[in-house]
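Quick one, fold the following:
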Amino acid sequence: MSRGAAFMCMSLLLLAAQNVAAQEPAAPLKQNWFDDPFFQVSAGLPACAMPEGPFYTAEERRAQTHSRLERGTSCWLAGQCTDSNAYRYDKPLAPKVRAALSAVPGVQKASVWVMIQRRWVYLQGCVPSAAVARKLERAARAVPDVETVVADLMVGTRGKPPYPVAGR
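Okay, the predicted model is just below:
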């Protein structure tokens, strides 16, 4: 290789290295570390923003671990759970909640996601009317072993969602 060609290769390598260094760092990887149930019940309003769900960075996971253990155990100590970990109810609860919500009239015209953590059911997404939102909340509350329902639903798809959005 000639001296000129070697210089050109070296220059290109340095330029490429500077370009890589100038790029913004990639966002930390988020995942469902605790395997919390998270699913979509309907997709009738495609413009509805998808919730972030139970996806956390490794740092967020470390921060949540202690409080999750504490909340799970306190349920048992208070006599509200027969299991010493309130989060163990969540997976068996998920298909029951899905079935109850899928049976709500009008749900197919909505875009609704569900997240379940320690017997708390979070309803997130967009509904065509406040009446559908109330029906979904009642249906989730009626499922045995559901302790609390948090309805973070918005009517329509305009405006800022009342829940954390995926990808932000």
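
Tally up the residues packed near Arg118, please.
Neighbours of Arg118 under the rule other Cβ atoms under 10 Å: 19. C-beta coordinates here come from the backbone N, C-alpha and C atoms, glycine included.

Need the phi and psi values for it.
phi 50, psi 40 (degrees, to the nearest 10).

Tell me the pLDDT of the one residue sitting closest to the centre of the chain.
The C-alpha lying nearest the average C-alpha coordinate of the chain belongs to Gly53 (Cα atoms, centre = their mean; 0.3 Å). In this model, Gly53 is scored at 96, pLDDT.

can you check Met1 too?
Note for Met1: predicted pLDDT of 56.

Could you do Gly79 as well?
Note for Gly79: predicted pLDDT of 83.

Which helix or strand in the protein has the lowest average pLDDT?
Sorting the helices and strands of the chain by mean pLDDT, DSSP states H and E puts helix 3-22 at the bottom, at a mean of 48.

Spell out which residues sit in contact with Lys30, please.
Contacts of Lys30 were listed using Cβ atoms under 8 Å, 6 or more residues apart in numbering, and they are Phe55, Tyr56, Thr57, Glu60.

on that earlier part again, isn't the residue nearest to the centre of the chain right up against Ala166?
Yes. Counting by Cβ atoms under 8 Å, Gly53 does reach Ala166; the two are 6.8 Å apart.
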